[in-house]
Structures are given as structure tokens and as C-alpha cells.
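K.L.:
dropping a prediction and its sequence here:
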Amino acid sequence: MPLFPNYHRAPVTFIQANNATWVDEKNQSYSDLSSGIGVYNVGACHPQVESALVEQAHHLWHVPNLYQNPLQETVAQKLGGDTYTTYFANSGAEANEAAIKLARLATGKSTIISFTNSFHGRTYAAMAATGQDSIHAGMPMLTGFEYAKFNDINSVKSLLNDDVAAIMLELIQGEGGVIPAEQAFIDDLIALAHQQHILVIIDEVQTGMGRTGKKFAFEHFGFEPDIFTSAKGLANGIPVGAMLAKNELAPALAYGTHGSTFGGNPLAMAAASATLTVLDGVLNDIDDKIKHFWLKLDEFRQLPTVKEVRGLGMMAGITLNIPVNDVVSELLKAHIIVLSAGNNTLRLLPPLTISTEQLTDSLEKIKHYLLKK
């Protein structure tokens, strides 16, 4: 057994991809409505990102964080502007680990309140912050984490004490089933956090980089988090993560408190910088595509197999009354790549750059399949 059996891998091998079309070893094409689990936000193998990678590869692949790296400063400025300070890691889980550590260092407190049904990663602190029993199963969890009910401010209030350092949440629970936060809940949560001098950490690993129609989901909700994290779509397929914090928190992550050998390496930074440049252009023209996406999704609400449709931007969850894993498998046989999530939910995360024609055709095929079930 060359590989651990911790993944259920579908019986297909992809060898090439371009935007929203993937090609398997038999030269068969598939329409991608998954973005590689929210990674290819500006489409697979985007030529501008590819060019940046190739150019950087001609010069320098790796340099440790013992030396200056101007590319990191360029990407940090594009991500957080003058308001935030950035730490680079290799993944969303690592970025969330850094956020948890920073919150505790900056406040001198230990407790992190997160939410049931959340997902923050599978490294130990990120896993402990994740409010899902299935993720915790079989392993002792780290202490210092409490779980409130999502969209329930009274549930948050019941967990408050003098040791709470931060409240950590996704604004749309992706792995939990594509469940959006309610505006009133967020308004109350931010007011409560400010009143109690508690930091707010927003996990933008899946919702960031344009997924919701804005660069970061918190822009929809009218506030700026104290700390937020990014990964997945940040370098459009090249592994990278980032933790950003308000500038006044930066001194808490002092020399020797945290680090990463590969974090912010030149290849990842070249790809991230190019991706962010491409994304700015994509977001200028995304509104009509999002409107079309949801007009088509509204047609799903009438299907007998569909219980609910929810989401934001180019992120949708369709809760089914038939087994979602079977639907994912059958659609793959029909050459449409989709995902599952949460409580029997079909999850759609199409590239922001997918053509309207390909998006329409793919959604029509999914609707037709569900209608036959």
C-alpha cells in the first residue's frame, strides 16, 4: 500500500486543465464546478499565473525567511494594504494555527470561541477549533476551545468569561454545508466583541479571494476583522497560506514566536502576486455572472430532490433528500466535477472565470440529472 487510505479517491486521473475544463488520461473533458475545492478561483493553469511561476523558476525557487524577500512585501500590500500585517504559511490550517497563536499572545488569554459545524483545518489547534465531532473522533483534543451555535448570539454570550481571547468563525460555513452567517448575527457579534475587548478572527480560507464576489467575504458584512486568514485560491493552486492582523497586533508575534521554512517562498509569492492582479480584473466583471448563477440556481428550488439552496457569490450549497455522495459520483461519470459538504449538501464552487455558456450548460445537466432521480 503506497498511500495511506485517508482519502476516497474517485477512479479518474486528471492530466491537464484549462480554466473550467479538466482532461483525464483518456483525453476526455470534464466541466469543473469545484475549482479543486475552492483553489482555482481564476481558473486552472491561468496563463498569467503560469508566466509568473516560470519566470520566477528561472531565478530562485526557495530562500528561507532569514533574508529579505521583497515579493512577500508586494503580496502583503496587495492583500492587506496599510491596515494589516501579514505572516505567510503553506496552507489554510497553518494560517489558522498562526491566528490562534497570535490571539493568545496578543491578549494573554487562552479561550477561543468557535462554532458548531465549522471547519478550520486538520492540524491540532485548527482541528480543536473545528466544531465537528466527526473531525475530533478518536483523538484527544486541545483545551481552550468552546463552541457556540452559529447564527445564535445568545449562544455566544453564554460562553463569555474573562479568559476569552477571540471569537473565530467562517462567514459562510463551507465544509459544514455552505451555511451563510446572518447580517444581524454578525452585527451583534462584532458589537459584543468590541464591548468585551475580544478579538474577531475570520477564516477566509474558502470564502476569500473573490469566492463570494468580493475579495473577502467580510466586505459583504460591513466590518474589518482583527485577524483573518487566507489560502486555497491565494496562489491559484500553488500551496500558500496567509494570516493577516491589524497592525497594532503585530508586535505580539515577535522574533522567535512563530516561523515556517517554506512559508512565503519565492515561487508561491510570484504565483500569489499574479493571482491577485488577475483577481482584481475578474472581480470588476463578476456581478453579472453571479446574478446569472443564482437565476439558474433558483430553478433548482422546485425540484423534488432539493430541500434548500443557499450561498453567496460563486459559492452554493444544494441540500438534497437523496444521498449526495451518490450524486457526486454519478455527475463525475457524466463529466461534471462537483463536491459534497455538511448535511447531505451538494457544493458548487465554479471558477470565477468559467464562461457563462459552460456554467449554464453544467447547471442544466445537474438539474436534469436531479429531476430524473
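P.N.:
Noted; the coordinates are in hand.

K.L.:
which residues of the stretch 251-373 of the chain fall in strands?
P.N.:
Residue ranges of the strands in the stretch 251-373 of the chain, as given by DSSP state E, counting those that start in this stretch, are 306-312, 315-320, 336-337, 339-341, 345-348.

K.L.:
so what strands line up beside the shortest one?
P.N.:
Strands adjacent to strand 336-337 in the sheet, as given by DSSP bridges, are strand 29-32 (parallel).

K.L.:
buried stuff in the strand it pairs with?
P.N.:
Residues of strand 29-32 classed as buried: 30-32 (neighbour count, 16 or more other Cβ atoms under 10 Å). Where C-beta positions appear, they are placed from N, C-alpha and C, glycine not excepted.

K.L.:
return the helix or strand in the protein with minimum mean pLDDT.
P.N.:
In the chain, the helix or strand scored least confidently by mean pLDDT, DSSP states H and E is helix 133-136, which has a mean of 94.

K.L.:
contacts for that one next, please.
P.N.:
Helix 133-136 has contacts (Cβ atoms under 8 Å, 6 or more residues apart in numbering) with 119, 122, 127-128, 130.

K.L.:
who wins on neighbours among the residues you listed?
P.N.:
Greatest neighbour count in these, by other Cβ atoms under 10 Å, goes to T130: 29 neighbours.

K.L.:
now do it against H120, distance only.
P.N.:
5 Å (Cβ to Cβ, to the nearest Å).

K.L.:
what do the two both touch?
P.N.:
Listed as contacting both T130 and H120 by Cβ under 8 Å, 6+ apart are S114.

K.L.:
give the helix, strand or coil label for the most centrally placed residue in the chain.
P.N.:
Computing the C-alpha centroid of the chain and ranking residues by Cα atoms, centre = their mean puts Q206 first, at 1.1 Å. Secondary structure state of Q206, per DSSP: H, G, I helix; E, B strand; the rest coil, is coil.

K.L.:
next: the one 3 residues further on.
P.N.:
Local secondary structure at M209 is given as coil here, using three-state DSSP.

K.L.:
ok, it touching L234?
P.N.:
Yes - M209 is within contact range of L234, at 5.8 Å (criterion: Cβ atoms under 8 Å).

K.L.:
can you list residues touching both of these two?
P.N.:
Residues touching both M209 and L234 (Cβ under 8 Å, 6+ apart) are T275.

K.L.:
sorry, back to before: of the strands of the stretch 251-373 of the chain, which is nearest V42?
P.N.:
Checking the strands of the stretch 251-373 of the chain against V42 by Cβ to Cβ gives strand 315-320 as the closest, at 15.1 Å.

K.L.:
hmm, who's touching that closest one?
P.N.:
Residues from elsewhere that reach strand 315-320, judged by Cβ under 8 Å, 6+ apart: 38, 172, 174, 177-179, 206-207, 211-212, 293-294, 297, 300, 305-311, 327, 341-349, 370.

K.L.:
of those residues, select the buried ones using a ChimeraX command.
P.N.:
To isolate the buried ones among those in ChimeraX, judged by 16+ other Cβ under 10 Å, type:
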select :38,172,174,177,178,179,206,207,211,212,293,297,300,305,306,309,310,311,327,341,342,344,345,346,347,348,349,370
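
K.L.:
picking that back up, just the pLDDT for the residue nearest to the centre of the chain.
P.N.:
pLDDT, Q206: 98.
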